[in-house]
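Chemist: Take this sequence and fold it.
(one chain, ligands or ions: 2)
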Amino acid sequence: MTTVLLPHSVPMLRQEAMSKSIIQKEQCCYLCGTTLLLEQHHIFGGSNRKLSEKFGLKVYLCANCHRGSAGVHFNKKLMNMLHKIGQRAFELAHSREEFIELFGKNYL
Ligand SMILES: [Zn+2]
Ligand SMILES: [Zn+2]
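Modeler: Ligands and ions are numbered 1, 2, ... in the order given. Alright, predicted model coming up:
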């Protein structure tokens, strides 16, 4: 009889911990509600993408609402709406001053 020791302590390198969205609990498109072809959208992109990740300022969007011709990345109004939602969510736990200091802008 052999005893096999499973390496429980080996860190799962490929499954890097992702922060949870503080805006959305359900895994469905934030805009149209579908559960198909979901992608994660960081509300504040560019240099603020890391901050979006850190604070969970992300939503699920389907490929169409995300990168489609009328999706958030091509629709300033939608992008602006999500920026406001993101800032409001941040301000539930932090101050506006903190938001502006971190993200460099006030969307509200
Ligand atoms: Zn959608
Ligand atoms: Zn995106």
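Chemist: Could you pull up the contacting residues of the residue nearest in space to the middle of the chain?
Modeler: In the chain, the C-alpha nearest the mean C-alpha coordinate belongs to residue 58, at 1.6 Å (CA atoms, centre = their mean). Residues near residue 58 by CB atoms under 8 Å, 6 or more residues apart in numbering: 19, 21, 23, 24, 40, 41, 42, 43, 52. Yep, even glycine has a C-beta here, placed from its N, CA and C like the rest.
Chemist: Most neighbours out of those, which is it?
Modeler: residue 43 (28 neighbours; other CB atoms under 10 Å).
Chemist: Show the backbone phi and psi for it.
Modeler: Dihedral pair for residue 43: phi -60, psi -40, per degrees, to the nearest 10.
Chemist: any idea how far it is from residue 53?
Modeler: Separation of residue 43 from residue 53 (CB to CB, to the nearest Å): 10 Å.
Chemist: the helices in the protein, which residues?
Modeler: For the chain, the helices defined by DSSP state H cover 49-55, 63-67, 76-91, 96-103.
Chemist: Counting by contacts, list what the last one packs against.
Modeler: If you count contacts as 3 or more CB pairs under 8 Å, 6 or more residues apart in numbering; DSSP states H and E, helix 96-103 packs onto helix 76-91.
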